[in-house]
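Student: model the following, please.
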Amino acid sequence: MQLTINGSLHELAIEPDTPLLWALRDTLGMTGTKYGCGLAQCGACTVLVDGQPTRSCVTPIDSVVGAEITTIEAISEDAEGRKVVEAWVDHQVPQCGYCQSGQVMAATALLKQTPQPTDEDISAAMVNLCRCGTYNAIAAAVRQAAQA
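Tutor: The predicted structure is shown next:
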């Protein structure tokens, strides 16, 4: 099975129904994408698949063959992703940081689709869970990245 991840083609010899999260973490060693709930509820495992935020814990790898997959490891190579990461640092968004890779991926997808989001757009797009409750800092960082 061949997957394009962060611009590189990877040949994987694993079962086609393996969740993308496990292919990334266990097979390829890309541990920036986190396991949270395993039920596509929390968003810690969010990656971009053809630019769309996708919960990798429930996405079988055979469903993303031929797609462009972007993980947190390469997000700073993207202009919007770089703005998001810089805003995250400026606003000191992470506390524990566990959910932040998924949050950054969701924010990057939002800004690619809606370059000047309203507060309602931000609320609707930023649905990943954060145990530390950094939602106000997340929204502020998204607003800053949109202005950058």
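
Student: which element is the residue nearest to the spatial centre of the chain on?
Tutor: Here the mean C-alpha position of the chain is nearest to the C-alpha of Met105 (Cα atoms, centre = their mean), at a distance of 2.8 Å. For Met105, the host element (DSSP states H and E) is helix 100-113.

Student: show the subsequent helix or strand relative to that helix.
Tutor: Of the helices and strands lying after helix 100-113 in sequence (DSSP H and E), the nearest is helix 119-125.

Student: domains in this structure, by residue range?
Tutor: Following automatic domain parsing, the chain resolves into domains at 2-73, 75-147.

Student: tabulate those domains (CSV), appending mean pLDDT.
Tutor: Conversion of these to CSV gives the following (pLDDT from 0 to 100):
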stretch, mean pLDDT
domain 2-73, 98
domain 75-147, 97
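
Student: what are the buried residues along stretch 86-106?
Tutor: Under the neighbour-count criterion of 16 or more other Cβ atoms under 10 Å, stretch 86-106 has 87-88, 91, 93-94, 98-106 buried. (C-beta placed from N, C-alpha, C; glycine too.)

Student: need the max-distance pair from those residues.
Tutor: Considering Cβ to Cβ, no two members of those lie farther apart than Ala87 and Tyr98, which are separated by 19.0 Å.

Student: and the strands in this protein?
Tutor: For the chain, the strands defined by DSSP state E occupy 2-5, 8-11, 46-49, 52-55, 68-70.

Student: which of these is buried the deepest?
Tutor: Stretch with highest mean neighbour count among those: strand 46-49 (a mean of 26; mean count of other Cβ atoms under 10 Å).
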